[in-house]
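>>> I'd like to go over a predicted model; first the sequence, then the structure.
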Amino acid sequence: MSVFGIGIAYGIATLVVMFSGMPIAFALGAVAVVFMGIYMPAASLDTVTQNVYEEMASITLLSIPLFILKGAAIGKSRAGQDLYSALHAWLHRVPGGLGVANVFACALFAAMAGSSPATCSAIGSAGIPEMRKRGYSGGFAAGIIAAGGTLGILLPPSITMILFAVAAEKSLGRLFLAGIGPGLLLVSLFGAYAVIRFRQEYAAAEAIYKNGGPEAAILARDEYTLAERFSVLPRVIPFVLLLTGVMIALYGGYATPSETAGLGGLLALALIAAIYSVWRPSDLAPILKSTIRESTMLMMIIGMSLLYSYVMSYLHISQSVAESVVAMHLPRWGLLFAILVMVVVLGFFLPPVSIILMTAPIILPPLRAANFDIIWFGVVMTIVMEMGLIHPPVGLNIFVIRNVAPDIPLSEVIWGTLPFVLLMMLAVLLLCFVPGISTALPDLVMGPDGSR
C-alpha cells in the first residue's frame, strides 16, 4: 500500500477507535501497535516499551507531575476561595467588579496551578454562586469562569506549553515568557467584556425596577471598609510570593524547570500546612490522590501519543503530509491560517495535550520552512486550543462548570462562553499583526532567539 493509503487508513482507524469511547491514551496506543504489527518489522513490537520509555525520558517532562502537585495543593485547600475574596474586596467599586475579580482570580490561580480544569473548579466553586447571588445571569457567570480557566494553559507554568517545548525542541523558559504578554492581553479583554456585559445587565434590571418591577440583586452594591480589605490579604500574599519566587528561580537561571516545579510543590504544601493546617494524612490524601490520578492520566496520554507519532514518522506519514503541505505553495499566512483551522477542528474532539503531540511532527516543518517563529506560533496555537476548551462537543471547561454549577443549563453555559471565543480570535489577530506582544519579553530577558 502507498504511503498515502497507509496515512488515510491510520487517520480513519484513529477516529473510529476514539469515537468508540475508548480512553484517548489507549486509543492512540492501540492504533499505533496494530499498524506496527502490520507495516513494521515484527521485531519492532518487542521494542514498544523501550520506545515509549525513550520518548518519555525527558527531564522536562518530570516537571509535569510536580506542577500538578503544586496546583492540587492550592486547589484542594481554601487558597483559591481566599484569593477570589481578596480580589473582590479590592475591585468591588469597579462596575462589574465581581466579574473582573473572577477574571483576575482565574489568572492568578492559573499561574499558580498550570491547569485549566483545576482553575475552573477552584475559582468557579466560590465565584459562580457569588455572582449568581448578586444577580449575574447564569451564562455570564459561567462564561467568565470557563474562559478564565483557559488561562491555565497559557500563563506559566503551563503543562501544555511544557509539552510543546518538548515536541518543538525549544526553550521552555522562553516559551513561558512568551505566554505572559498574550495572557495579560486576554485578561484585559475578558475584564473589559465583563464590565460591558455587567453594564448591559445592570441597565436592563434598572429599567425593569423603574417601571415598577422588583429590585434585582444586581442593583445592590457591596461595601468594604479599608480595614476589611486589608484583613483579607495575609492569607493571599504568601501564595503570590510563592508565584513570584518560582518565576524568579526559573527565569533568573537559579533552577531548571523541573527543580522549580519541585520547589513550588514543596513550598505549596508547606504554605497550606502553615496557613490552613493541612498536614494530617487524612488532609493530604485528597491532594496526593488527585496528583497521582491526573499525572498518571497525562503521562499515559503523553507516552501513547509519542508512540503514535513515532509510528507515523517511521511509516513516513508525517513527512509526506508536511511535504504535501509545502508542495501546495500556500502563501505564508495562508499556510498559518490552514494550520490553525486544522487545530480548531481537532479541538472539537481532542484535548490540547493530544493535539500538540499528534500534530507537531506534521505542522512544525512547514512552519519552519515558511520562517515562522516557532515560539510565537506555540503561543498562538495555545490560544487557539484554549477555544477548544470552551466550545462543544468536547469543551472540557464547559463540563467542569456543569459539575460546579449544575443549576445552570448547558445551553446557557455554551452561549455564555461564545463571546470569549470571539475575544480569543481577536487576540490571535492582534498577535499576528503585533507579534511583539509575545516575543518582546523573551527577547528582553533571554536575548534574541537565533534558532527561529
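Ah, there it is.
>>> CA atoms only for the helix or strand where Ser258 lies - export them in PDB, please.
According to DSSP states H and E, Ser258 maps onto helix 257-276. These are the backbone C-alpha positions of helix 257-276, laid out as PDB (Å, rounded to 0.1, in the frame of the first residue of the first chain):
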ATOM      1  CA  PRO A 257      12.100  23.900  35.200                       C
ATOM      2  CA  SER A 258      12.000  20.500  37.000                       C
ATOM      3  CA  GLU A 259      13.800  21.900  40.000                       C
ATOM      4  CA  THR A 260      11.500  24.900  40.000                       C
ATOM      5  CA  ALA A 261       8.400  22.600  39.800                       C
ATOM      6  CA  GLY A 262       9.700  20.500  42.700                       C
ATOM      7  CA  LEU A 263      10.400  23.700  44.800                       C
ATOM      8  CA  GLY A 264       7.000  25.100  44.000                       C
ATOM      9  CA  GLY A 265       5.200  21.800  45.000                       C
ATOM     10  CA  LEU A 266       7.100  21.600  48.300                       C
ATOM     11  CA  LEU A 267       6.500  25.200  49.200                       C
ATOM     12  CA  ALA A 268       2.800  25.000  48.300                       C
ATOM     13  CA  LEU A 269       2.400  22.000  50.700                       C
ATOM     14  CA  ALA A 270       4.300  24.000  53.400                       C
ATOM     15  CA  LEU A 271       2.100  27.000  52.900                       C
ATOM     16  CA  ILE A 272      -1.200  25.100  53.100                       C
ATOM     17  CA  ALA A 273       0.100  23.300  56.200                       C
ATOM     18  CA  ALA A 274       1.100  26.600  57.900                       C
ATOM     19  CA  ILE A 275      -2.000  28.700  56.800                       C
ATOM     20  CA  TYR A 276      -4.800  26.100  56.600                       C
END
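>>> Next, the buried residues of stretch 251-267.
251, 255-265, 267 (16 or more other CB atoms under 10 Å). C-beta here means a position set from N, CA and C on the backbone, and glycine is covered the same way.
>>> Out of these, which one has the lowest pLDDT?
The member of the buried residues of stretch 251-267 with the lowest pLDDT is Tyr251, at 73.
>>> Distance check, that residue against Val380.
Per CB to CB, to the nearest Å, Tyr251 is found 22 Å from Val380.
>>> Over to Ile437?
With distances taken as CB to CB, Ile437 is found 11 Å from Val380.
>>> Looking only at neighbour counts, state which of the two leads.
Set Ile437 next to Val380 and count neighbours by other CB atoms under 10 Å: Val380 wins out with 23 against 19.
>>> I'd assumed Leu340 was in contact with the more buried one.
Yes: if you go by CB atoms under 8 Å, Val380 and Leu340 touch, sitting 7.2 Å apart.
>>> what do those two both touch?
When contacts are counted by CB atoms under 8 Å, 6 or more residues apart in numbering, Val380 and Leu340 have Val428 as shared neighbours.
>>> which secondary structure elements does the helix ranked longest in the chain contact?
The longest helix of the chain (DSSP state H) is helix 172-210. If you count contacts as 3 or more CB pairs under 8 Å, 6 or more residues apart in numbering; DSSP states H and E, helix 172-210 packs onto helix 97-113, helix 138-149, helix 159-168, helix 237-251, helix 374-389, helix 410-433, helix 436-446.
>>> any weak-confidence spans in this structure?
The model of the chain has pLDDT under 70 over residues 55, 322, 326, 349, 393-394, 450-452.
>>> who touches the closest residue to Asn102 other than its chain neighbours in this structure?
With CB to CB, 6 or more residues apart in numbering as the criterion, Asn102 has its nearest non-adjacent residue at 4.3 Å, and that residue is Gly127. Counting by CB under 8 Å, 6+ apart, Gly127 touches Tyr84, Leu98, Ala101, Asn102, Ala105, Ala141, Ile144, Ile145.
>>> What is the three-state secondary structure of Gly127?
helix (DSSP: H, G, I helix; E, B strand; the rest coil).
>>> now it: how far from Leu184?
For Gly127, the distance to Leu184 equals 20 Å [CB to CB].
>>> Likewise for Ile218?
28 Å.
>>> When the two are compared, which one has more neighbours?
The neighbour comparison of Ile218 against Leu184 (other CB under 10 Å) goes to Ile218, with 19 against 16.
>>> what's the closest non-adjacent residue to the more buried one?
Ile218 sits nearest to Gly135 (CB to CB, 6+ apart), 2.9 Å away.
>>> which element is that neighbour on?
Applying DSSP H and E, one finds Gly135 in no helix or strand.
>>> can you pull the contacts of it?
By CB under 8 Å, 6+ apart, the contact set of Gly135 is Glu201, Ala205, Ala216, Ala217, Ile218, Leu219, Ala220.
>>> And for the first one, the neighbour number?
Each residue near Glu201 was counted by other CB under 10 Å, and the total is 17.
>>> Hmm, it is touching Gly139, no?
No: the pair Glu201 / Gly139 is not scored as a contact, 10.4 Å apart, by CB under 8 Å.
>>> residue contacts, the residue nearest to the spatial centre of the chain?
By CA atoms, centre = their mean, the mean C-alpha position of the chain lies nearest to Ile153, the distance being 2.2 Å. Residues near Ile153 by CB under 8 Å, 6+ apart: Ser116, Ile159, Thr160, Met161, Pro352, Thr382, Met385, Glu386, Leu389.
>>> If we use 7 Å, what do you get?
By CB atoms under 7 Å, 6 or more residues apart in numbering, the contact list for Ile153 reads Ser116, Thr160, Pro352, Thr382, Met385, Glu386.
>>> Could you do Lys70 as well?
Contacts of Lys70 (CB under 7 Å, 6+ apart): Met112, Ala113, Ala261, Gly264, Gly265, Ala268.
>>> what's the distance between the closest residue to Glu259 other than its chain neighbours and Ala107?
The shortest distance from Glu259 to any non-neighbouring residue, by CB to CB, 6+ apart, is to Ala249 (7.7 Å). As for Ala249, its distance to Ala107 is 21 Å (criterion: CB to CB).
>>> what's the answer for Leu271, then?
From Leu271 over to Ala107 the distance is 19 Å, taken as CB to CB.
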